[in-house]
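**Student:** can you look at this prediction? I've put the sequence above it.
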Amino acid sequence: MTIPAAELLDWYARSGRDLPWRDPALSAWQILVSEFMLQQTPVARVLPVWTSWVARWPTPSATAAASAADAVRAWGKLGYPRRATRLHACARVIADEHADVVPRDVDTLLTLPGVGAYTARAVACFAYGQPVPVVDTNVRRVVARAVRGVAEAGSPAAVRDHAEVAALLPDDARAPRFSAALMELGATVCTARGPRCAVCPLSRCAWRERGYPAAATPPRRAQRYAGTDRQVRGRLLDVLRASASPVRQHDLDLAWPDDEVQRNRALSSLLRDGLVQRTGDGRFALPGEG
DNA sequence: CTCCAGCGGC
DNA sequence: GCCGCAGGAG
């Protein structure tokens, strides 16, 4: 089964959200920033952070001129703050090695910090109009259902997914809009839980025609958060983000007072990840300040 | 495969 | 309370 481009594109033109990073006048850098922020993060939470970020740092070199600490602060509480340091590192590489121009081809994009299989193709497609398959979690789910007739995409199989989506892509200038529409359908209609099949624009869907078979494999165990090292890292970063100057060990201890072993483990991992640095006098700060 | 933040929705 | 989110790296 396939997905008729006209059907999907008509629905997208009518019902797609008007998201700012879909403005065709945007620079490749502004689109790249949106893709970093959208990694594992819902659109609604990215909107305000992206808007202020690209206004403050409109080019890679402008971003590179700031400190990594400023990048981490501007990242706010989007989550996965290593993305902020990777985006900052990515800006430096583009400014220093690519004449401040975001690379066009997928292989070069893949060499950039924080740019993986999804982001490289998203930039090549949405910023430069190339008809490469853009495969995120939404696309994998939509294709699994509409084309293959199964409830879930299963374990990531990048090569197979890319070939499958490439076969669906219209081979013309509609390709970027087709990919954006696939993602939009997965985000707003063909959702992981509670898909709204009654309003689906696709006239044919293998999953529906097979009677909505349940997933074959049991769902993966949910990620815990409360009590994990990730929560402790978040607390420690809260302290550092809030302080304009380096903080003492004692100030970090107060952020997670009851488990010294876990606190030290979290702090060590932050130092290892480059999200925190030790100053000359033994205090702690965000990277690139103090 | 595991870790990585944070939050809104059910 | 748990689920899932425009993923990437080790």
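**Tutor:** Received the coordinates, thanks.

**Student:** need the residues of chain A near DNA strand B, please.
**Tutor:** Contact residues, chain A versus DNA strand B (CB under 7 Å from any atom of the strand): A:40-42, A:44-45, A:77-82, A:155, A:193-194, A:223, A:225, A:228-231, A:233-235, A:237-238, A:266, A:269, A:275. Where C-beta positions appear, they are placed from N, C-alpha and C, glycine not excepted.

**Student:** report the buried members of those.
**Tutor:** With burial judged by 16 or more other CB atoms under 10 Å, the buried subset of these is A:Leu78, A:Pro81, A:Arg82, A:Arg230, A:Arg233, A:Gly234, A:Leu237, A:Ala266, A:Ser269, A:Leu275.

**Student:** out of these, which one sits closest to DNA strand C?
**Tutor:** Distance to DNA strand C, by CB to the nearest atom of the strand, is smallest for A:Arg82 among these, at 7.5 Å.

**Student:** pretty sure the closest one sits against A:Val276.
**Tutor:** No. The pair A:Arg82 and A:Val276 fails to qualify as a contact (CB atoms under 8 Å) at a distance of 11.5 Å.

**Student:** now do the SS call for A:Val139.
**Tutor:** A:Val139 carries the three-state label helix when classified by DSSP: H, G, I helix; E, B strand; the rest coil.

**Student:** next one: it from A:Pro60, what distance?
**Tutor:** Applying CB to CB, to the nearest Å, one obtains 27 Å for the distance of A:Val139 from A:Pro60.

**Student:** ok, A:Leu240 next?
**Tutor:** Computed with CB to CB, the distance linking A:Leu240 and A:Pro60 is 25 Å.

**Student:** and A:Pro48, by the same measure?
**Tutor:** Using CB to CB, A:Pro48 is found at 22 Å from A:Pro60.

**Student:** can you check A:Gln223 too?
**Tutor:** In this structure, A:Gln223 and A:Pro60 are 32 Å apart, going by CB to CB.

**Student:** need the strands for chain A, in chain order.
**Tutor:** In chain A, the strands defined using DSSP state E lie at A:277-278, A:284-285.

**Student:** so how far is the last one off the chain centroid?
**Tutor:** Using CA atoms, centre = their mean, to the nearest Å, the distance from the centre of strand A:284-285 to the centre of the chain it belongs to is 27 Å.

**Student:** ditto for the first one
**Tutor:** Computed by CA atoms, centre = their mean, the separation of strand A:277-278 from the middle of its chain amounts to 27 Å.

**Student:** which residues touch that strand?
**Tutor:** Contact with strand A:277-278 is made by A:Leu271, A:Phe284, A:Ala285, A:Leu286, A:Pro287, A:Gly288, A:Gly290, as judged by CB atoms under 8 Å, 6 or more residues apart in numbering.

**Student:** switch to 7 Å and redo it
**Tutor:** Taking CB atoms under 7 Å, 6 or more residues apart in numbering as the criterion, the residues outside strand A:277-278 that touch it are A:Leu271, A:Phe284, A:Ala285, A:Pro287.

**Student:** so what's the residue in the stretch 51-200 of chain A that DNA strand B sits nearest to closest to, chain neighbours aside?
**Tutor:** Going by CB to the nearest atom of the strand, DNA strand B is nearest to A:Gly79 of the stretch 51-200 of chain A, at 2.3 Å. Of all residues beyond its chain neighbours, the one nearest A:Gly79 is A:Thr41 (6.1 Å), with distances taken as CB to CB, 6 or more residues apart in numbering.

**Student:** any idea how far the one you found lies from A:Tyr118?
**Tutor:** Distance check for A:Thr41 against A:Tyr118: by CB to CB, it reads 13 Å.

**Student:** same list, the residues of chain A next to DNA strand B, but only the ones touching DNA strand C.
**Tutor:** With CB under 7 Å from any atom of the strand as the criterion, the members of the residues of chain A next to DNA strand B in contact with DNA strand C are A:Gln40, A:Thr41, A:Pro42, A:Tyr80, A:Arg193, A:Gln223, A:Tyr225.

**Student:** max-length helix in chain A?
**Tutor:** Residue-count comparison of every helix in chain A, with assignments taken from DSSP state H, identifies helix A:82-97 as the longest.
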